[in-house]
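Engineer: everything below, folded, please.
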Amino acid sequence: MEQQSNLHFKVPKRIVQYHPTIRKSKKLLEQLDESNDVGFWELSQEHEILPIHTDLKMRPRAFRFMNTLILAIEAMNGKIIFQYSRCHIQMFGQKTEINLRQKYHRIREKDKSGWSRESWEKSDKLEFQAGPSFNQKNWIDRKTIRLEEYLPQIAAWIEKDCKYWHDLRAQQAVQKRRREKELLKEKEHLKKIAEEKSKLRQLISDSENWHKAKQIRDYLSAYKNKVKLSKSALNEENQVYLNWASQKADWLDPLTEFEDPILGKPNLE
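Structural biologist: Predicted structure coming up:
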């Protein structure tokens, strides 16, 4: 148990000055006793109240128990926090829900007709619960040991539980950062592949357009030779055609970077 050797777990028979959280809860529970319309759950929606569920007779003992527990937890660098109308002990940045109640026994009885019915009978035992409902740890008064004597075990269990979740969250955070780093590395790798493919497509397109431009120029050269061989001078119509065709060759040629006034730049993708 990671705690100071001088921790005080003995619950006194009388407390002169209660912890502020106990004093606040004591007043709220007194208001609850006087009200017939508001229950504990409704009260906890608006106020930070310790989960102490006992009758008036057992409440002083419950206050002394909770007061000693809170002081011990604070000495262990923990604290009481309230979230979503529930009370928790927080240590190592993690929290464990707590509850203190008077134990009730369920009684099953059958009437003369054979029908069974249930009733609840309160006992003089205190029960402390820690942890969520699916993994709850319970300590209760026994014939040979009272709940107060379990305080060192309770504090140790809460500390261990919070430390477990702290270490698990830390491990998960490391794993998450590792996954994020791997995903980023993979994303960068895929980006480089995409860039290389795009550059290759551009290279192939430039090469094909360059060959197309060369073919057009070879064709125009042959066209001029044909006109000369026919012993007819280039007329205006032929010259306009040659100029237009030459511009289209320049437009296709990636080495000339010619932009056609009508077509703009060629779509090389």
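Engineer: count the neighbours of residue 217 for me.
Structural biologist: Neighbour count for residue 217, taken as other Cβ atoms under 10 Å: 16. Any C-beta I mention is one placed from the backbone N, CA and C, and that applies to glycine too.
Engineer: not counting sequence-adjacent ones, nearest residue to it?
Structural biologist: Nearest residue to residue 217, sequence neighbours excluded (Cβ to Cβ, 6 or more residues apart in numbering): residue 249, at 5.2 Å.
Engineer: any figure for the gap between residue 81 and residue 48?
Structural biologist: 9 Å (Cβ to Cβ, to the nearest Å).
Engineer: find residues that contact each of these two.
Structural biologist: Common contact partners of residue 81 and residue 48 (Cβ atoms under 8 Å, 6 or more residues apart in numbering): residue 87.
Engineer: for residue 145, helix, strand, or coil?
Structural biologist: Secondary structure state of residue 145, per DSSP: H, G, I helix; E, B strand; the rest coil, is coil.
Engineer: who has more neighbours, residue 81 and residue 48?
Structural biologist: For residue 81 versus residue 48, neighbours defined as other Cβ under 10 Å are more numerous around residue 48 (15 against 12).
Engineer: now that one: how far from residue 199?
Structural biologist: Distance from residue 48 to residue 199, by Cβ to Cβ: 63 Å.
Engineer: now do residue 87
Structural biologist: Distance, residue 87 to residue 199, by Cβ to Cβ: 63 Å.
Engineer: more neighbours: which of these two?
Structural biologist: A direct count of neighbours by other Cβ under 10 Å for residue 87 and residue 199 places residue 87 higher, at 22 against 10.
Engineer: how about the contacts made by the more buried one?
Structural biologist: Residue 87 sits next to 48, 49, 50, 51, 80, 81, 97, 98, 99 when contact means Cβ under 8 Å, 6+ apart.
Engineer: who are the packing partners of whichever helix in the chain runs longest?
Structural biologist: For the chain, the helix reaching the highest residue count under DSSP state H is reported as helix 151-229. Using 3 or more Cβ pairs under 8 Å, 6 or more residues apart in numbering; DSSP states H and E, the elements in contact with helix 151-229 are helix 59-75, strand 86-91, strand 94-110, strand 116-130, strand 137-140, helix 236-252.
Engineer: which other helices and strands does the third one contact?
Structural biologist: Based on contacts counted as 3+ Cβ pairs under 8 Å, 6+ apart, the elements that strand 94-110 packs against are strand 52-53, helix 59-75, strand 86-91, strand 116-130, helix 151-229.
Engineer: tell me the strands beside the lowest-mean-pLDDT helix or strand in the chain, with direction?
Structural biologist: Lowest on mean pLDDT, DSSP states H and E among the helices and strands of the chain sits strand 116-130, with a mean of 85. Strand 116-130 pairs in its sheet with strand 94-110 (antiparallel), strand 137-140 (antiparallel), by DSSP bridges.
Engineer: where does pLDDT dip in this protein?
Structural biologist: Low-confidence segments of the chain, defined by pLDDT under 70, are located at 1-7, 107, 111, 120, 231-233, 266-269.
Engineer: can you do 80?
Structural biologist: Residues of the chain meeting the criterion pLDDT under 80: 1-8, 105-121, 228-234, 257-269.
Engineer: residues contacting the nearest residue to residue 93 once chain neighbours are set aside?
Structural biologist: Using Cβ to Cβ, 6+ apart and skipping residues adjacent in sequence, the residue nearest residue 93 is residue 166, 5.9 Å away. Residues in contact with residue 166 (Cβ under 8 Å, 6+ apart) are 91, 92, 93, 94.
Engineer: buried subset of these?
Structural biologist: With neighbours counted by 16 or more other Cβ atoms under 10 Å, the contacts of residue 166 contain buried members at 91, 92, 94.
Engineer: kindly reformat the residues you listed as a markdown table containing distance to residue 264.
Structural biologist: A markdown table is the format used below for the buried ones among the contacts of residue 166 (distance: Cβ to Cβ, whole Å):
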| residue | distance to residue 264 |
| --- | --- |
| 91 | 68 |
| 92 | 65 |
| 94 | 63 |
